[in-house]
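In: model this:
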Amino acid sequence: MNDSSGQLLDYLLSFPSETEWLEFKHNNDDPERIAKYISGLSNSAALHIQPFAYIVWGVEDGSRQIVGTSFQPRTARVGNQALELWLQVSLTPRLDFRFLEFDVVGLSVVILEVPAARGSPTRFNKDKEEYIRVGENLTQLSAYPEKERRLWELFKVTHFETDIALSDLTADAVLGLLDYFEFFKRMQLPLPTERDLILHRLTEEGFLIERNGFFSITNCGAILFARDLSIFKRLERKALRVVVYRGRNKVETIRERQIQLRGYALDIDDAVRFIQEHLPSNEQIGQVLREEVGLYPELALRELLVNSLIHQDFGIVGAGVVIEVFEDRIEFVNPGAPLIEPNRFLDQPPRSRNETLARLMRRMYFCEERGSGIDKVIFQAELFQLPPPDFRVSGDNTVTVLFAPRSLSGMSRDEKIRACYQHASLLWVSGQKMTNATVRARFKIEERNYPLASKIIKETLENGLVKLSNPEGKSKKEMSYLPFWA
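Out: The predicted structure follows:
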């Protein structure tokens with residue numbers, strides 16, 4: 001028996017009676033019964049705001065005497081399938097449960113640790129039922145509509161950041177898994193000299209949960225400061241990937257790399273550098289030296305990268321942020337449809353599924369303290385004379401496209417309209433109004449060619465994306481324009 005398992009057993013035995021998220025058994029090894037109990041206990045743990053529920057074999061209910069068990073989950077089978085695999089596929093959604101097998105004074109004890117339900121009730125697929133514990137009884141959730149309603153209410157307010165990534169760890173194990181030095185550096189805080197003070201601060205920040213002398217690392221702590229994300233199996237697929245293609249389509253891949261095997265806070269700078277290394281560049285000739293200038297503004301790259309990371313839907317399993325580099329553009333793809341209509345990214349206050357993660361990233365100066373940073377992206381696009389960024393929804397993903405420089409004549413009609421709308425929006429949030437003159441400046445149109453700017457404004461008006469701010473004005477030169485929502 002290791003210290004962690006023994007400590008967990010002592011903790012569970014300390015409860016005076018079974019709870020709705022704790023069950024003691026002797027030798028019951030019926031697979032269907034176990035699956036129903038996993039469903040019921042998982043849902044009950046969620047109702048009671050417990051990160052895990054437990055089934056303990058080898059302990060007599062009532063007396064709490066350790067009597068041992070003949071149940072051996074590691075070798076148990078259901079037909080041709082291992083019991084653990086059978087249980088995995090028998091439950092929806094799949095749970096990252098685990099069996100702990102150990103001996104106490106020569107007697108075999110088994111603990112099944114079951115994560116609390118997240119997002120939806122845990123269901124036993126065979127009979128298509130969700131279960132719940134009511135007192136010491138296992139019953140169908142549908143028989144208790146008030147509990148079912150309460151469970152769904154809780155799902156609306158539970159967040160990815162507070163879920164457990166890894167549990168039952170010693171203090172030394174925690175400090176080996178998280179780069180706490182980088183945390184204090186990013187927060188511009190002095191590094192405490194005592195281990196307990198370091199652990200206390202990490203717990204205060206929500207990276208750790210302490211229980212009975214052992215620690216659990218939350219998803220927030222792991223996704224930001226893990227030294228190795230592959231240790232946290234449910235988060236490994238959330239590492240950032242960069243794919244570089246030859247040409248303008250996905251026919252030929254030049255290079256693909258999973259950038260971040262560490263937490264986001266540790267590798268964002270390296271990720272931006274890697275992206276820039278695989279982007280084309282422009283050669284500018286100064287008075288003395290030739291200078292290589294990035295095709296895309298670094299500030300825009302960083303803002304879009306961070307936005308993709310913090311606004312992704314972590315509930316979409318097996319998908320993470322992907323950056324795709326093409327000859328003429330770079331695409332940022334993050335799982336999850338946006339919570340704000342893309343045309344309103346610039347003016348509306350940002351909304352994120354992961355507010356704790358977003359707040360921490362802002363405190364570490366990775367992104368804007370106020371606003372979404374999209375105004376900076378659009379400003380940089382105008383400054384570098386790039387086509388307008390494209391914000392769109394594709395299936396279950398949010399896609400942002402940053403385009404390489406192109407002349408006005410090389411832009412499509414839709415791009416000119418989108419640029420005009422973004423220009424009006426950027427001016428409005430800056431306390432200004434769009435005019436023919438500002439549009440000429442945006443597109444580098446000479447004053448004598450003002451009818452070209454007027455045409456772009458007219459088409460944007462016809463598409464309902466801007467409106468006149470002074471419809472009573474008689475002179476076109478006096479006219480100014482606002483975004484449609486102003």
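In: need the longest strand for this protein.
Out: strand 107-115 (DSSP state E).
In: off-centre distance for it?
Out: 31 Å (CA atoms, centre = their mean, to the nearest Å).
In: which residues are in contact with it?
Out: Applying CB atoms under 8 Å, 6 or more residues apart in numbering, the external contacts of strand 107-115 come out as 5, 8-9, 12, 34, 38, 41-42, 45, 51-59, 66-73, 95-103, 163-164, 167. To be clear about C-beta, it is placed using only N, CA and C from the backbone, and glycine gets the same treatment.
In: which of these are buried, as a PyMOL select command?
Out: Selection of buried members from the contacts of strand 107-115 for PyMOL, criterion 16 or more other CB atoms under 10 Å:
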select buried, resi 5+8+9+12+34+38+41+42+45+51+52+53+54+55+56+57+58+59+66+68+69+71+73+95+97+99+100+101+102+163+164+167
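In: which of the contacts of strand 107-115 fall within strands?
Out: Of the positions in these, 52-57, 98-103, 164, 167 sit in strands, assigned by DSSP E.
In: for Leu482, grab the count of nearby residues.
Out: Leu482 has 17 neighbouring residues, counting by other CB atoms under 10 Å.
In: do Trp428 as well
Out: By the criterion of other CB under 10 Å, Trp428 has 20 neighbours.
In: where does it sit, in terms of helix or strand?
Out: Counting by DSSP states H and E, the element that carries Trp428 is helix 413-429.
In: just checking, what packs against whichever helix or strand comes after that helix?
Out: Counting by DSSP H and E, the next helix or strand C-terminal to helix 413-429 is helix 436-443. Packed against helix 436-443 by the contact rule (3 or more CB pairs under 8 Å, 6 or more residues apart in numbering; DSSP states H and E) you find helix 413-429, helix 450-462.
In: can you give me the buried ones in the first one?
Out: Spelled out, it's helix 413-429. Applying 16+ other CB under 10 Å to helix 413-429 flags 415-428 as buried.
In: over to the last one?
Out: Neighbour counts using 16+ other CB under 10 Å place Tyr450, Leu452, Ala453, Ile456, Ile457, Thr460, Leu461 of helix 450-462 among the buried residues.
In: picking that back up, pull the CA atoms of the helix holding Trp428 into PDB?
Out: Output of helix 413-429 as PDB, limited to C-alpha atoms (Å, rounded to 0.1, in the frame of the first residue of the first chain):
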ATOM      1  CA  ARG A 413     -15.200  43.400 -53.200                       C
ATOM      2  CA  ASP A 414     -16.200  41.600 -49.900                       C
ATOM      3  CA  GLU A 415     -12.800  42.400 -48.500                       C
ATOM      4  CA  LYS A 416     -13.000  46.100 -49.300                       C
ATOM      5  CA  ILE A 417     -16.500  46.200 -47.600                       C
ATOM      6  CA  ARG A 418     -15.200  44.300 -44.500                       C
ATOM      7  CA  ALA A 419     -12.200  46.600 -44.300                       C
ATOM      8  CA  CYS A 420     -14.500  49.700 -44.500                       C
ATOM      9  CA  TYR A 421     -16.700  48.300 -41.700                       C
ATOM     10  CA  GLN A 422     -13.800  47.400 -39.500                       C
ATOM     11  CA  HIS A 423     -12.300  50.900 -40.100                       C
ATOM     12  CA  ALA A 424     -15.600  52.600 -39.100                       C
ATOM     13  CA  SER A 425     -15.800  50.400 -36.000                       C
ATOM     14  CA  LEU A 426     -12.200  51.100 -35.000                       C
ATOM     15  CA  LEU A 427     -12.700  54.800 -35.400                       C
ATOM     16  CA  TRP A 428     -15.900  54.800 -33.400                       C
ATOM     17  CA  VAL A 429     -14.500  52.900 -30.400                       C
END
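In: quick one: distance of that helix to the chain centre.
Out: Relative to its parent chain, helix 413-429 has a centroid offset of 29 Å by CA atoms, centre = their mean.
In: that one versus helix 450-462: what angle between them?
Out: Interaxial angle, helix 413-429 versus helix 450-462 (axes from the mean of the first three to the mean of the last three CA atoms, to 10 degrees): 80 degrees.
In: tilt between helix 413-429 and helix 436-443?
Out: Orientation check (the same axes, to 10 degrees): helix 413-429 against helix 436-443 gives 120 degrees.
In: leaving out chain neighbours, which residue sits closest to Leu426?
Out: Ile378 (5.1 Å; CB to CB, 6 or more residues apart in numbering).
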